[in-house]
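>>> requesting a structural model of the entry that follows:
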Amino acid sequence: MSKKVFIKTFGCQMNEYDSTKMLDVLHAADGVEQTTDIGQADIVLLNTCSVREKAQEKVFSDLGRIRELKELRPGMVIGVGGCVASQEGSHIIKRAPYVDVVFGPQTLHRLPALINERQRSGRPQVDISFPEIEKFDHLPPARREGGSAFVSIMEGCSKYCSFCVVPYTRGEEVSRPFEDVLVEIAELAQQGVKEINLLGQNVNAYRGAFDKSAMKAVGAGSSNMAGEPGKDFADFAMLLDYAAQIPGIERLRFTTSHPRDFSQRLIDCYARLPQLVSHLHLPVQAGSDRILAAMKRGYSALEYKSIIRKLRVIRPDLLLSSDFIVGFPGETDADFEQTMKLVDDLDFDASYSFVYSPRPGTPAASLADDTPASVKQARLKRLQDDIGARERRNNLAMVGQVQRVLVEQVARKDERDLAGRTPYNRIVNFAGPVSLLGEMVEVRITEAFAHSLRGELVTP
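I've put the predicted structure just below:
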């Protein structure tokens, strides 16, 4: 009987991707299967996030509950991975000595060996090293069911924003070789995947080692494609061009990107690649130049606006989502009003927005902060209410339209329905046969809700 693993994932889509790879390596090495019942698990893994203080503390709260399960099942293996593991390392073992393995984002491929060594030696294992691209070289081949898949193209970030722990927990930017990414996408396409979401902390900083034979490998070479940006590497625009040439790939998305690296070459991709969706998540964090400088973001509000306005000349229907930090140390009412003006100027469609949370070891953690928590919460509510109203308005505007939807799963609320995603990143629920899972279909939008749509299948 195969062993079972329960994985709980915190944080970003990079962590979601990493969790699937944890399952892949355990299955390939020892035939381990996933379970959604933690009580039946032989291995329990927490894939952690340290971006938010509450998320970090929640890890130790969860570990306390898992300890009770381990007392009932002494053979259970408890592992902590992700960014909290990278940041805390052996301190996790000191605080929770019943944890068996601690591993970072770059060493998840070593998980089977770490578990085996724990069982052999009887000692907890900690590996939070940064072996650069080694992780990708040791992961099993891409394996997906369904029409959409994430493909990680790079790790880490070299921007060192004053509030962010990512460069310290995931390391600096390291890109996968160009051909390796294309091969993974091609393998997914052969499995029926139609939509690829390219993933990284800062995907548009991608600089993949470039082998000209990769062109022949994917049968690409259109004269309309971006030329080589350099002799030894492919940039993100070039990667998008070649990914779009792979047979079967109908849609391309990417997350997350940084305004500093949003080049004209990348903007030009929106003019020539219909596979590139008209939905962009581009974190801005704030609308005040003074706060952006304190955050060390490396651009002004005007420079951010310029990117979006160029894109909307090419794609007038582009919907924009972003990240916002409210209440950064020193943020005044005037600074916050500039953020609200930016929201109005660019008509953001959705957001991931939070009150600033100081992270140990980051430069911003030492900044003076005398703004009352109640003021920060009031600002956050105003921002979220404003952007939420814009999302609802955009949803209502879609009623009556026929949209191309990638069918992802059976609907959560009613198993008689299917749920799919539009190019604009909207979830649509509609009645249809399960044989449509993984397929692209035409759906007429009939109702709009706060965060989703209702539709009816258009008969081919």
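
>>> only C-alpha atoms from now on, for both contacts and neighbour counts.
OK.

>>> who touches the closest residue to residue 42 other than its chain neighbours in this structure?
The spatial neighbour of residue 42 that comes closest, neighbours along the chain excluded (CA to CA, 6 or more residues apart in numbering), is residue 76 at 4.9 Å. When contacts are counted by CA atoms under 8 Å, 6 or more residues apart in numbering, residue 76 touches 41-44, 70.

>>> one more pass at 7 Å, please.
Neighbouring residues of residue 76 by CA atoms under 7 Å, 6 or more residues apart in numbering: 42-43, 70.

>>> export the residues you listed as TSV, with columns for neighbour count, pLDDT and distance to residue 455.
What follows is those, written out as TSV (neighbours: other CA atoms under 10 Å; pLDDT from 0 to 100; distance: CA to CA, whole Å):
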residue	neighbour count	pLDDT	distance to residue 455
42	21	95	42
43	21	96	41
70	18	93	46
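
>>> which single one of those is nearest to residue 334?
residue 43 (51.0 Å; CA to CA).

>>> what about stretch 279-294, start to end distance?
29 Å (CA to CA, to the nearest Å).

>>> in the stretch 201-350 of the chain, which ranges drop under the pLDDT threshold?
Counting by pLDDT under 70, the stretch 201-350 of the chain contains low-confidence ranges at 212-231.

>>> what ranges does it have for its strands?
For the stretch 201-350 of the chain, the strands defined by DSSP state E, counting those that start in this stretch cover 207-209, 233-235, 251-255, 279-281, 319-326, 350-355.

>>> of all the ones you listed, which lies closest to residue 441?
strand 251-255 (13.3 Å).

>>> using CSV, list the CA coordinates for that closest one.
Presented in CSV, the C-alpha positions along strand 251-255 are these (Å, rounded to 0.1, in the frame of the first residue of the first chain):
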residue,chain,number,x,y,z
ARG,A,251,-3.3,31.0,-24.2
LEU,A,252,-0.3,32.5,-22.4
ARG,A,253,-0.4,34.3,-19.0
PHE,A,254,2.4,35.3,-16.6
THR,A,255,2.9,36.3,-13.0
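
>>> start at 735 instead
Yes, from this point I'll number from 735; that puts the last item at strand 985-989.

>>> which secondary structure elements does it contact?
Counting by 3 or more CA pairs under 7 Å, 6 or more residues apart in numbering; DSSP states H and E, the packing neighbours recorded for strand 985-989 are strand 929-933.

>>> could the strands of the stretch 935-1084 of the chain be laid out in JSON lines, adding mean neighbour count and distance to residue 1156?
Formatted as JSON lines, these follow (neighbours: other CA atoms under 10 Å; distance: least, CA to CA, whole Å):
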{"stretch": "strand 941-943", "mean neighbour count": "21", "distance to residue 1156": "30"}
{"stretch": "strand 967-969", "mean neighbour count": "22", "distance to residue 1156": "27"}
{"stretch": "strand 985-989", "mean neighbour count": "21", "distance to residue 1156": "10"}
{"stretch": "strand 1013-1015", "mean neighbour count": "21", "distance to residue 1156": "10"}
{"stretch": "strand 1053-1060", "mean neighbour count": "20", "distance to residue 1156": "12"}
{"stretch": "strand 1084-1089", "mean neighbour count": "17", "distance to residue 1156": "15"}
